[in-house]
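Novice: Here is my input, please return the structure:
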Amino acid sequence: MKVIMTKDATHFVSELTFSTLSGSVVLLNLFDNNNWHNHAVMGRWADVMIIAPASSNTIAKLATGICDNLLTAVYLSATCPVMVAPAMDEDMWHHPATKRNIQKIKYDKVKVLEVEKGELASGLIGEGRMMEPEDILKEIENIFRTDLSLIGKKVLITSGPTYEPIDPVRFIGNRSSGKMGTALAESFAKQGADVTVVSGPSKIEIPESIKVRKVTTAQEMYDATMSDVSSFDIIVMAAAVADFTPKETAKEKIKKMNAEMFIQLKQTKDILLEAGQRKRDDQLLVGFALETENEKTHAIEKLKRKNADYIILNSLRDESAGFESDHNKISIFGKDGSEHQFPLQTKKELADAIVSFLIQHL
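Specialist: Next comes the predicted model:
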C-alpha cells in the first residue's frame, strides 16, 4: 500500500502516522529533495485507488482534470478502479456545484461512496460525513470479489411516477413514490451490477453510487429509456408511467370558470411494449402491473402482449401495501407459465427477494 497526502491533509493527520501504519514512506509532493515521484508508474502500479476523505475541492479537481498536486497527478494516470469517499459540510455536499462534479466523476467511471449523516467537522449535524472506514474496506473488498452474481451485468430500472402537464402549475400524475424502484436498484448494485435508474419525480434519495437519469413526463422517460435500451442485460420497468397525457398544455395557468372544462387526452408511448419489441434473446425484461380487478388474468395478458419474461403484480387489496407504503405484497408470473407468491414485507426485503429470484432464473 502507498499513501499519498495533500498538504492540507497533513494538518489533520501527520505523515508519520500514515507512514507507520502503512509501512512505507508517505508521498506528498511531485518533487522531494531533488527526487521525482513518477505518478504514471504509481497510477499503473495500483490495483485500486481510494481517495478518503475526498473534499469538495479535490472532487472539483477530479471533475475538471486539474492536476496541481501528486494526488491528482496519480488519479489522472490511474488505470485501476478509483473510489472516492466524500467528506464535507452538509451545505457544501448539497451545493449544486458539488452535485455537478459528483455526476462528472461518476461519468468517468469513478465509484462514489455514500456519505453518512452525523456530526461534522463544523460541529453541525447533517449529511456529508465520510463513510465509516470499516464500510469503505467492504467496498474495496467488493471490487475483488468474484462471487457476486451480477458482476459485469448492466441493469436498467425505471422508477417513480410521471407528471403530465395541464398548465404551468397542474398535472396528471399518480401516487407512486419510487420506493420500490430505488430498493431494486440498491439490491442489484449489492450483487455487483452496474445500475442505471430512469427516475420520474420522486423525493426518494437514490445512492450516489447508482447512475440516475431524472425525467418528468412519460415522453421524457421513453426517450431516456430507449436511447440505449439494447445495451442492458436486465431491464426492470418499475415506474408508474401515465397512460395518457393532455393533447395540449396551456402556456398560462387556466383560470377557474363556472362552466365545465374538458381536457382532451392522448395515449403516451408504451415503454414496456417497445422494450419487448426490441428485446434481444439474451436480455431479461421484467414489467410491473398494478391491477384492481381480475388481477391474475390481466397480469398474464400483459406478460404475453408485451413480450416480457416476467410480470410482477402489485395488489391494492392489502391496505399495508402499494403506493407510498414501505411494504408490498407481490406475485411474479413467468412466460413459462410459472407463478410465485411473495408475502407482505418491506420493499427493501422484497427487492432482495426479487433480485435473488431473477438471478436464479437468468
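Novice: what residues are up against Glu274?
Specialist: Shown in contact with Glu274 (CB atoms under 8 Å, 6 or more residues apart in numbering): Tyr222, Met226. In short, each C-beta sits where N, CA and C put it, glycine included.
Novice: Just the local confidence number for it, please.
Specialist: pLDDT, Glu274: 97.
Novice: so is it in a helix, a strand, or just coil?
Specialist: Following DSSP: H, G, I helix; E, B strand; the rest coil, the label given to Glu274 is helix.
Novice: what's the answer for Lys117, then?
Specialist: strand.
Novice: and Ser176, what element?
Specialist: Taking DSSP states H and E as the definition, one finds Ser176 inside no helix or strand.
Novice: burial measure for it, as a count.
Specialist: Number of residues near Ser176 (other CB atoms under 10 Å) recorded here: 24.
Novice: OK, contacts around it?
Specialist: Per CB under 8 Å, 6+ apart, neighbours of Ser176: Gly160, Pro161, Gly200, Ser202, Ala239, Ala240, Phe323.
Novice: Kindly provide the distance from it to Ile330.
Specialist: 15 Å (CB to CB, to the nearest Å).
Novice: how close does the most centrally placed residue in the chain sit to Gly178?
Specialist: Most central in the chain under CA atoms, centre = their mean is Ile210, positioned 2.7 Å from the mean C-alpha point. Plainly put, Ile210 is 13 Å away from Gly178 if you go by CB to CB.
Novice: ditto for Glu220
Specialist: 15 Å.
Novice: can you check Ser187 too?
Specialist: In terms of CB to CB, Ser187 sits 15 Å off from Gly178.
Novice: Repeat that for Leu28.
Specialist: 45 Å.
Novice: got it, and Ile234?
Specialist: In terms of CB to CB, Ile234 sits 19 Å off from Gly178.
Novice: The two: which has the busier surroundings?
Specialist: Using other CB under 10 Å as the criterion, Ile234 and Gly178 rank with Gly178 on top: 25 against 22.
Novice: Out of the helices and strands in this structure, which is least certain?
Specialist: strand 35-36 (a mean of 64; mean pLDDT, DSSP states H and E).
Novice: Next secondary structure element downstream of that strand?
Specialist: Helices and strands here follow DSSP H and E; after strand 35-36, the next one along the chain is helix 39-45.
Novice: From the contact counts, what lies against that next one?
Specialist: helix 70-77 (3 or more CB pairs under 8 Å, 6 or more residues apart in numbering; DSSP states H and E).
Novice: Brilliant, that's me finished.
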